[in-house]
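K.L.:
next one to model:
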Amino acid sequence: MTLAPSQVNMERTDPNQSWGFRLQGGVDFRERLSIKKVTPNTPAATVQLRPGDAIISIGGYDAQQLTHNQASQMIKSAGYMLQMTVDKGACSTIKPGGFGFKTKSSIIA
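P.N.:
Numbering: from 1, shown residues only. The predicted structure follows:
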């Protein structure tokens, strides 16, 4: 049984505070955008994001055709609130170089 996509709403008190997750994938890497790692005691941990959650939308925009950098910039510029739709546990986390092509992940501030 698969879970329906869920909406997560993260808040932070300072726009310089990290959202607390590492992003991986993007169309430029031929991988779905997804969560690679979640830091404890951060907005991402509070809304129970987990490694392997696929990102379907960011702030209401379809994320499935975004490059890694486009998605990263959208998330970083979200201000005090970030809304995403995720497909819980839909992806595996990528080990760098594990599939014979270049992968990228970035810490989201």
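
K.L.:
low-scoring stretches of the chain, by residue?
P.N.:
Judged by pLDDT under 70, the chain has its weakly predicted residues at 1-2, 94-109.

K.L.:
what about the helices in it?
P.N.:
In the chain, helices defined by DSSP state H lie at 43-46, 68-76, listed in chain order.

K.L.:
comparing these, which comes out most buried?
P.N.:
Comparing these by mean neighbour count (mean count of other C-beta atoms under 10 Å), helix 43-46 ranks first with a mean of 20. From N, CA and C alone the C-beta is placed, and that goes for glycine too.

K.L.:
export that one as PDB, just CAs?
P.N.:
C-alpha atoms of helix 43-46 as PDB (Å, rounded to 0.1, in the frame of the first residue of the first chain):
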ATOM      1  CA  PRO A  43      12.200  22.600  10.900                       C
ATOM      2  CA  ALA A  44      12.500  19.600   8.600                       C
ATOM      3  CA  ALA A  45      12.700  17.200  11.600                       C
ATOM      4  CA  THR A  46       9.800  18.900  13.200                       C
END
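
K.L.:
mind giving me the packing neighbours of that helix?
P.N.:
strand 6-11, strand 31-38 (3 or more C-beta pairs under 8 Å, 6 or more residues apart in numbering; DSSP states H and E).

K.L.:
redo that, cut-off 6 Å
P.N.:
Using 3 or more C-beta pairs under 6 Å, 6 or more residues apart in numbering; DSSP states H and E as the contact test, no helix or strand touches helix 43-46.

K.L.:
turn the helices of the chain into TSV, including distance to residue 92.
P.N.:
Supplementary listing: these in TSV, determined by distance: least, C-beta to C-beta, whole Å:
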stretch	distance to residue 92
helix 43-46	18
helix 68-76	17
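
K.L.:
residue 27 is nearest to which of those helices?
P.N.:
helix 68-76 (8.4 Å; C-beta to C-beta).
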